[in-house]
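Novice: Need coordinates for the below:
(one chain, ligands or ions: 2)
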Amino acid sequence: MLILAIESSCDDTGAAVVRDDGAVLSDVVQSQIALHTPYGGVIPELASRDHLKNASHVVRDALSRAGIALTDVDAIAVTNRPGLVGALLVGVQIAKGVAWAARKPLVGVDHLVGHLLAVFLRREGDAAVEAPSFPYVCLLASGGHTAIYRVDAPDAAQIVELGATRDDAAGEAFDKVAKLLGLGYPGGPVIDRLAAQGDASKFAWKTPMAQRGSLEFSFSGLKSQIARHVEEHGIPSDANTLANICASFQRVATSVLARKLIDAAVQEGVDHVVLAGGVAANRELRARVTELAEKHRKKAFLPGLASCTDNAAMIGYAGAIRAKAGEFASWDLVATSATELARQTRKGRGKR
Ligand code: KG4
Ligand code: ZN
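Specialist: Ligands and ions are numbered 1, 2, ... in the order given. I've put the predicted structure just below:
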């Protein structure tokens with residue numbers, strides 16, 4: 001089965017062609033980083049307009065790089081939740097148009113499920129790596145979400161959240177700290193690079209939600225400690241101090257993420273641990289998870305960097321699973337923001 005997938009939930013316009021066994025035939029990502037950089041974060045209105053400008057050529061590129069025609073695909077998958085609602089709407093409307101014109105079925109995909117299954121993607125040139133087996137626990141750490149999930153099977157009903165952040169997402173903390181230090185947007189990759197040259201022991205930030213037993217996170221206090229330091233001392237003018245702040249912040253953030261992922265695996269009695277989301281590209285986090293997993297006799301599965309950050313291939317794979325189960329969307333498929341999803345969950349709880 002071949003799926004054409006479209007992703008536009010935040011600031012990346014993506015389209016991909018994916019086979020139902022996880023083989024990625026093409027994966028095109030048009031990043032909007034340059035557009036949002038002057039503002040230090042994503043501006044929703046600009047994101048929607050840029051998706052609209054780029055989506056059709058990104059889709060055409062994905063088909064031509066895969067060497068196939070639209071008539072060859074079996075279904076069109078699209079991220080319809082959660083995300084910036086205006087940004088999601090562009091992808092959903094393009095997907096409906098393509099599906100209608102090509103008379104192909106449509107599949108709505110939850111962006112988070114896409115991330116949680118990205119570990120099954122196989123790209124050309126990837127070493128022949130094993131995939132995890134179910135059940136596994138997965139840390140999803142991105143710019144908008146940070147939570148640990150137990151994944152019993154590749155469908156949303158079999159995925160349970162074990163703990164999440166109470167405030168900022170981990171990626172948001174990297175982005176905010178980078179902004180405080182005048183390092184630009186997005187902060188993760190630049191902090192990762194500078195941290196490698198710094199000494200993490202030079203600053204002792206307090207670790208939020210450090211207590212064992214809880215799988216919840218909190219990152220806003222960590223960011224505030226650095227904000228206070230910058231208020232008192234200014235942005236360091238020497239490269240060493242700057243690198244030391246990056247290294248010490250990254251040490252605290254990645255240690256708590258890695259430790260709680262392994263705690264979750266121990267608590268659940270599960271042998272396989274998986275990383276997902278943009279922060280999973282962080283070198284220290286990857287090293288720490290690998291090291292802790294070995295220590296606790298768990299096996300760590302770390303997707304390649306292109307599968308960690310936002311991409312349409314992961315939406316295609318999650319879409320293939322839904323398509324195989326016959327879970328197609330109707331023409332009134334809607335785009336749902338994170339806020340709306342949270343409101344629906346609260347309402348559902350209230351009814352019980
Ligand atoms: O998954 P993603 O591409 O988009 C969202 O769904 O949010 O994640 C983007 C986030 C940004 O906050 C970015 O700073 C962070 O992932 N990120 C990193 C690294 N690369 C990207 N954080 C830490 N270290 C990295 N190497
Ligand atoms: Zn994402």
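Novice: And the nearest residue to residue 126 once chain neighbours are set aside, how far from ligand 1?
Specialist: Taking Cβ to Cβ, 6 or more residues apart in numbering as the measure, residue 126 lies nearest to residue 304, with 6.3 Å between them; neighbours along the chain are not counted. Yep, even glycine has a C-beta here, placed from its N, CA and C like the rest. Here the distance between residue 304 and ligand 1 works out to 13 Å (Cβ to the nearest ligand atom, to the nearest Å).
Novice: quick one, what contacts the residue most central in space within the chain?
Specialist: Residue closest to the average C-alpha location in the chain (Cα atoms, centre = their mean): residue 277, at 2.7 Å. Residues counted as contacts of residue 277 (Cβ atoms under 8 Å, 6 or more residues apart in numbering) are 115, 139, 140, 141, 142, 145, 146, 171, 308, 309.
Novice: switch to 7 Å and redo it
Specialist: Contacts for residue 277 were tallied using Cβ atoms under 7 Å, 6 or more residues apart in numbering; they are 115, 140, 141, 142, 145, 308.
Novice: And for the residue nearest to residue 126, the neighbour number?
Specialist: Counted with other Cβ atoms under 10 Å, the neighbours of residue 304 add up to 16.
Novice: Then residue 69?
Specialist: Applying other Cβ under 10 Å, we find 10 other residues in the vicinity of residue 69.
Novice: who touches it in this structure?
Specialist: So residue 69 contacts residue 63 (Cβ under 7 Å, 6+ apart).
Novice: What is the neighbour count of the one residue in the stretch 101-250 of the chain that gets nearest to ligand 1?
Specialist: Using Cβ to the nearest ligand atom, the point where the stretch 101-250 of the chain gets nearest to ligand 1 is residue 188, with a distance of 2.0 Å. The criterion is other Cβ under 10 Å. On that basis, residue 188 has 26 neighbouring residues.
Novice: hmm, back to that, need the phi and psi values for the residue nearest to the centre of the chain.
Specialist: For residue 277, the backbone dihedrals are phi 90, psi 160 (criterion: degrees, to the nearest 10).
Novice: roughly how far apart are it and residue 243?
Specialist: According to Cβ to Cβ, to the nearest Å, residue 277 stands 25 Å off from residue 243.
Novice: circling back: just the pLDDT at the nearest residue to the residue of the stretch 101-250 of the chain closest to ligand 1 once chain neighbours are set aside, thanks.
Specialist: Counting by Cβ to Cβ, 6+ apart, the nearest residue to residue 188 once its immediate chain neighbours are dropped is residue 174, at 4.2 Å. At residue 174 the predicted local distance difference test score is 97.
Novice: Was I right to think residue 174 contacts residue 187?
Specialist: Yes - if you go by Cβ atoms under 7 Å, residue 174 and residue 187 touch, sitting 4.4 Å apart.
Novice: quick one: which of these two has more around it?
Specialist: Counting neighbours by other Cβ under 10 Å for residue 174 and for residue 187 shows that residue 174 has the greater number, 30 against 25.
Novice: Please, where are all the strands along this structure?
Specialist: Along the chain, the segments classed as strands by DSSP state E run 2-7, 12-19, 24-31, 75-81, 106-110, 136-141, 146-151, 159-164, 272-276, 299-301.
Novice: Which strands border the first one, and is each parallel or antiparallel?
Specialist: If you go by DSSP bridges, strand 2-7 pairs up with strand 12-19 (antiparallel), strand 75-81 (parallel).
Novice: same deal with the last one?
Specialist: For strand 299-301, the pairing partners within the sheet under DSSP bridges are strand 272-276 (parallel).
Novice: Can you read off the pLDDT for residue 350?
Specialist: Looking at residue 350, its pLDDT is 48.
Novice: Residue numbers of this structure in contact with ligand 2?
Specialist: Contact residues of the chain with respect to ligand 2, defined by Cβ under 5 Å from the ion, are listed as 142, 310.
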